[in-house]
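J.: just to be clear, the model below is a prediction. Sequence and coordinates:
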Protein chains: 2
Amino acid sequence: MELKRIRNSGLHTKVMSAEQACDFIEDGMTVGMSGFTRAGEAKAVPKALAEKAKLNPLKINLMTGASLGNDLDKLLTEAGVLARRMPFQVDNTLRKAINDGKVMFIDQHLSETVEMMRNKQLEMPDVAIIEAVAITEEGHIVPTTSVGNSASFAIFAKKVIVEINMLHKPELEGLHDIYIPSYRPTRTPIPLVKVDDRIGSTAIPIDPSKIVGIVFTNQSDSFSTVTDPDEETGMIAKHLVEFFEGEVEAGRLPSNLGPLQAGIGNIANAVMMGLLDSKFTGLSMYSEVLQDSTFDLIDAGKLDFASGCSIILSERINAQVFDNLDKYRDKLVLRPQEMSNHPELVRRLGIIAINTALEFDIYGNVNSTHVCGTKMMNGIGGSGDFARNANISVFVTKSIAKNGAISSVVPMASHVDHTEHDVDILVTEQGLADLRGLAPRERAIEIINNCVHSEYRGLLLDYFERACERGGHTPHLLEEAFSWHSRLEQQGSMKA
Amino acid sequence: MELKRIRNSGLHTKVMSAEQACDFIEDGMTVGMSGFTRAGEAKAVPKALAEKAKLNPLKINLMTGASLGNDLDKLLTEAGVLARRMPFQVDNTLRKAINDGKVMFIDQHLSETVEMMRNKQLEMPDVAIIEAVAITEEGHIVPTTSVGNSASFAIFAKKVIVEINMLHKPELEGLHDIYIPSYRPTRTPIPLVKVDDRIGSTAIPIDPSKIVGIVFTNQSDSFSTVTDPDEETGMIAKHLVEFFEGEVEAGRLPSNLGPLQAGIGNIANAVMMGLLDSKFTGLSMYSEVLQDSTFDLIDAGKLDFASGCSIILSERINAQVFDNLDKYRDKLVLRPQEMSNHPELVRRLGIIAINTALEFDIYGNVNSTHVCGTKMMNGIGGSGDFARNANISVFVTKSIAKNGAISSVVPMASHVDHTEHDVDILVTEQGLADLRGLAPRERAIEIINNCVHSEYRGLLLDYFERACERGGHTPHLLEEAFSWHSRLEQQGSMKA
């Protein structure tokens, strides 16, 4: 049964336990691992590595597509295995180690990791560990629920360990489209012109002699913890749908809006859910992660096609999707994150990018990553890949957090991930600010009038007016610019 | 003599004075004008418009490629003509009006202005005013020393005024390569794969019936004010050349480095001059502006080909180049700024981007635009188009300014144009910081050790160490982060 999944019979001898596979991983190595938004990560080998490290301490440089599920980053952190980690994470334990300066975390645009590696500006993996549903006759690797950076990691690595996860349906094969850019200086245009174009292969093409170990596993991806829309996220969706309706009416968007990208998490998922009740049909997605909302929209006949680089679903919908893959087969493709997020494609396709802000300021600079300018939450992820080149770049957030102790709109963003140049539309439950073609002083009025919670609106307007008296293209009072954050740190609330 | 430059004889009746042409420009209109880095701007009509406005006040929304020469922004500002201005400027008088909030300035990535216009997110020009060397038999416009946004402005505008500048050599014809992206959703890849590829036409293709006026002029572009390298810029060049040598030796760069982009101004020009004395040959440029250094490198046999969107030269070299265009014809091309700066092409070609920072912080965030976070200098220009997608993104600056009263390296950048994610290499006369693959705390050490002037190094290290004690992925003391800028504003120096 298991060996049927290894269609290249020459590789049958490579089957081993996760513990044995760990022996290929040595102290100081760079390891490239599958996994993106807690989908499709290698599961058994990293867990075994964490166990092994308790007895025989070792440190590695761990690269993935994005975040890992099944508490792997927690286990690896607790076992002291992580010296360096890139390009994204979402784990509480690892987050604390990063903020304590114990793990060196490199927070990157997700389209860039393997590009830098290809150009030898990052270490190539000594070992790649890739979750698969099968190995083909040619010895090529068929990924599972994410592609992420798996293809390039496997291509670049000296040694490859494959984890064949029997719990993933073999029907996943055929869903992936593996395209790798050619090397400079003879690189050619990426030949993708529609969201449903297939331009590559369905498996990761590597020399099978690099496969040094094959481990069988039988463990589910972590379920998504996405929650149902609440009153505020519902309002955010409503504002955005109304905006889209206006854009179509004004002839600035086609009636199907063009390809949509939505970041991970509750707010972006709620926004996509908001399209369920809209009049829009013929929708498409060109995104990195496909969440519950993607499949609800397909089921409702609203969404024609979704291109992503991973699928992560909640328990509500997970079985219904993966047990009925044939139903979705002609409506889905999973690509390497270098392709799902590629600036060339984002610009060409004219994507509407919807991402979540941690905070933004009165001029529209967005902080996606750092609490009070210092503490890393997760990482910038793909938001920059999309926001910079999108047809319309939208950032969404609730206007307040922690029962109003925090305003998401502040005088000056305490960390900037997306500059004012890359932010077109800001939405909170309060309303929507359309910043296109506005100068900073005009942006401030639009943002203060539309996005700020009433408890903070007067304070922000007062800051802005006093800053304008002092002058400047982007008026600020530098000595006060972070006073809200300082109050939060010292008194537990931004309120004066 | 003059009429020979209008090869479509049906347009001979459109010849008129600049004053007459002004009648097409009405209060409240959006005007798109040629001109990029003070090269190839329309000269007579805007000057006449400034005169006319003294008697009959009017306000327009003025869009150009980038900066204008011949004091036009000054004249238009003084005449109160400018309500709105985008996407770049370098004029003292206009700068003051922007910082006083009197002119609304929209500071944009230079590749994006016409893209937003094409998608109807910015007003299309009512009138375009384009400097030309000739009008072809088909009624198409042959630009002069810049292409900038001229092609799209002329294509989008309802009415087009052409200024034929007799002082520009007719031999400029053939130098340009006008390619305009197709409309979404059927946009195709841009078919450029080498810096010297020609993918478009040599003139701007418009319906000649849109040409409502033709004005003859006879006035030079403003000369570049670029100065010879000094000791500090010479050191910056030296550090960068040594870095390039190391990259080639390590196999990370080809022996000709790949295409180079260099921002405008003394420091970037000096860096390019530094390549004159290097061992590198077979160089190429894929840049926005071609300055003195470009032609010095061609003359020295070092540079094989230069693609840009404008040429601006100092008095030293100007005549020598434009009187000998045949010598450079097969080594030059001028493209629309949307193409010279296009993210798709920057990423594909693997450009080394060299741009100037106003200041940067210990984590590598770069401020290119705002003095003390508030006062606009010029604008972000194309630096973001290049830095985001470059193979190597370099920012250069002198470590101190105003005799040491200002440190260009600060605890926190007072405005962020380029986030840490987009900055690979920082260079001052002190040395070079290689930030690739480093976490923020590691970046800080690299920057403090290599780029900071000795007068400020201890202070910065002290800030960093105290911030680390408080913790965080990107340690900061928010209440102190701008104390250097506040000291500068209050006491005239950043020194404690």
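T.: That came through, no problem. Numbering: from 1, shown residues only, chains lettered A, B, ... in the order given.

J.: from the contact counts, what lies against the lowest-mean-pLDDT helix or strand in chain A?
T.: One helix or strand of chain A scores below all others by mean pLDDT, DSSP states H and E: helix A:266-274, with a mean of 92. Using 3 or more Cβ pairs under 8 Å, 6 or more residues apart in numbering or on different chains; DSSP states H and E, the elements in contact with helix A:266-274 are helix A:231-249, strand A:260-262, helix A:292-299, strand A:352-356, strand A:392-396. For the C-beta atoms, the positions are set from N, CA and C on the backbone; glycine is no exception.

J.: which one, of these, ends up nearest to residue B:417?
T.: Nearest to residue B:417 among those is strand A:392-396; the distance by Cβ to Cβ comes to 16.2 Å.

J.: list the strands paired with the helix or strand that comes right after that closest one, with their directions.
T.: Where DSSP states H and E defines the elements, the next helix or strand beyond strand A:392-396 is strand A:400-401. According to DSSP bridges, strand A:400-401 forms sheet pairs with strand A:406-407 (antiparallel).

J.: where does pLDDT dip in chain A?
T.: Within chain A, no range satisfies pLDDT under 70.

J.: 80 instead?
T.: Applying pLDDT under 80 to chain A picks out residues A:1.

J.: so where does the most far-flung residue of chain A relative to its centre fall, helix or strand?
T.: The C-alpha centroid of chain A is most remote from residue A:469, which lies 40.9 Å away (Cα atoms, centre = their mean). Using DSSP H and E, residue A:469 sits within helix A:454-470.

J.: quick one: residues contacting the residue in the stretch 151-300 of chain A that chain B sits nearest to.
T.: Per Cβ to the nearest Cβ, residue A:189 is where the stretch 151-300 of chain A lies closest to chain B, at 3.3 Å. Shown in contact with residue A:189 (Cβ atoms under 8 Å, 6 or more residues apart in numbering or on different chains): A:344, B:189, B:190, B:191, B:193, B:344, B:348.

J.: quick check, nearest of those to residue B:243?
T.: Distances from residue B:243 to the contacts of residue A:189, taken by Cβ to Cβ, are shortest for residue B:348, at 23.3 Å.

J.: and for the closest one, the neighbour number?
T.: 24 (other Cβ atoms under 10 Å in any protein chain shown).

J.: just the one 5 residues further on next, same as before
T.: Counted with other Cβ under 10 Å, residues neighbouring residue B:353 total 29.

J.: which residues of the stretch 151-300 of chain A lie near chain B?
T.: Within the stretch 151-300 of chain A, the positions adjacent to chain B are A:184-191, A:193-194, A:250-252, A:254, A:258 by Cβ under 8 Å from any Cβ of the partner chain.

J.: which of those residues sits closest to residue A:44?
T.: Nearest to residue A:44 among these, with distances taken as Cβ to Cβ, is residue A:190, at 34.5 Å.

J.: what parts of the stretch 1-150 of chain A come near chain B?
T.: A:84, A:98-101, A:104-109, A:112, A:115-116, A:119-123.

J.: just the buried ones among those, please.
T.: Buried members of those, counted by 16 or more other Cβ atoms under 10 Å in any protein chain shown: A:84, A:98-99, A:101, A:104-109, A:112, A:115-116, A:119, A:121-123.

J.: let's see which of the residues of the stretch 1-150 of chain A next to chain B end up in helices.
T.: A:98, A:99, A:115, A:116 (DSSP state H).

J.: which two among those are spaced furthest apart?
T.: The widest separation within these (Cβ to Cβ) is 27.6 Å, between A:99 and A:115.

J.: now do the contacts for the residue nearest to residue A:464 when sequence neighbours are not counted.
T.: Excluding the flanking residues, the one nearest residue A:464 by Cβ to Cβ, 6 or more residues apart in numbering or on different chains is residue A:444, at 5.1 Å. Contact analysis of residue A:444 by Cβ under 8 Å, 6+ apart lists A:362, A:363, A:464.

J.: residues near the nearest residue to residue A:365 once chain neighbours are set aside, how many?
T.: Nearest residue to residue A:365, sequence neighbours excluded (Cβ to Cβ, 6+ apart): residue A:413, at 4.5 Å. For residue A:413, the neighbour count with other Cβ under 10 Å is 29.

J.: ok, residue A:79 to chain B distance?
T.: Taking Cβ to the nearest Cβ, to the nearest Å as the measure, residue A:79 falls 20 Å from chain B.

J.: oh, I was asking about residue A:398
T.: 23 Å.
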